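Trainee: next one to model:
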Amino acid sequence: MRMYGLLLLGLLLAGCGESDVQTQIRRAVAIEQGDECHLCGMVISRFSGPKGEAYEQGVEEVRKFCSTRDLLNWALEPENRHARQEMWVHDMSEVPWDKPDDEHFINAETAWYVVGSSQTGAMGPTAATFSDQAVADAFASEYGGEVLTFDQLTLGKLNQNNHGTH
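Mentor: Just a heads-up that it's a prediction; the model follows:
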């Protein structure tokens with residue numbers, strides 16, 4: 001009887017088709033030398049600071065962004081809120097500001113954000129991103145800014161802090 005159960009389980013698993021593959025969680029990928037920002041078209045690798053990536057529902061290609069500010073401006077737009085699926089940002093507690101390492105992406109929706117700091121990324125101010133609130137608080141103490149969760153972010157907050165404290 002046990003053999004039949006294993007055989008049935010094998011058949012059920014074999015029946016999992018493409019639709020199940022499409023619903024699997026996707027992962028962040030390396031940012032290549034010539035990759036361009038989905039929002040502004042600038043070459044991503046030319047800039048310091050945290051970057052972001054996102055998948056939209058029904059779209060196979062990952063969207064790459066030259067800064068967390070560009071990712072968030074895209075993600076928080078009303079027409080994109082429903083389409084975004086997975087999003088990642090660099091964990092800046094694990095990587096140098098000048099050249100973030102793509103081995104240290106974290107889930108953008110569980111990250112801690114520091115907006116309005118003096119640290120800059122592509123085209124100026126950007127949101128610093130961290131996996132740990134205590135590290136985000138320490139960063140804000142050193143460089144200024146406000147510590148927020150993803151759910152607290154709004155386009156208004158991102159853009160009001162557009163000029164940082166240089």
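
Trainee: okay, now residue 108: neighbour count?
Mentor: Other residues near residue 108 come to 23 when the count uses other C-beta atoms under 10 Å. (C-beta placed from N, C-alpha, C; glycine too.)

Trainee: I'd say it and residue 55 touch.
Mentor: No. The pair residue 108 / residue 55 is not scored as a contact, 11.2 Å apart, by C-beta atoms under 8 Å.

Trainee: any shared contact partners between these two?
Mentor: Contact criterion C-beta atoms under 8 Å, 6 or more residues apart in numbering; residues shared by residue 108 and residue 55: residue 87.

Trainee: this protein: strands as residue ranges?
Mentor: Residue ranges of the strands in the chain, as given by DSSP state E, are 52-56, 63-65, 84-90, 105-107, 112-115, 120-121, 124-125, 128-130, 146-149.

Trainee: please identify the deepest-packed of the ones you listed.
Mentor: Counting by mean count of other C-beta atoms under 10 Å, strand 128-130 has the highest mean neighbour count of the strands of the chain, with a mean of 28.

Trainee: still on that earlier bit, which one of the strands of the chain lies nearest to residue 157?
Mentor: strand 112-115 (6.0 Å; C-beta to C-beta).

Trainee: paired strands for that closest one, with orientation please.
Mentor: strand 128-130 (antiparallel), strand 146-149 (antiparallel) (DSSP bridges).

Trainee: which residues does the longest one contact?
Mentor: Spelled out, that is strand 146-149. Outside strand 146-149, the residues touching it (C-beta under 8 Å, 6+ apart) are 112-116, 133, 136-137, 140, 157, 161.
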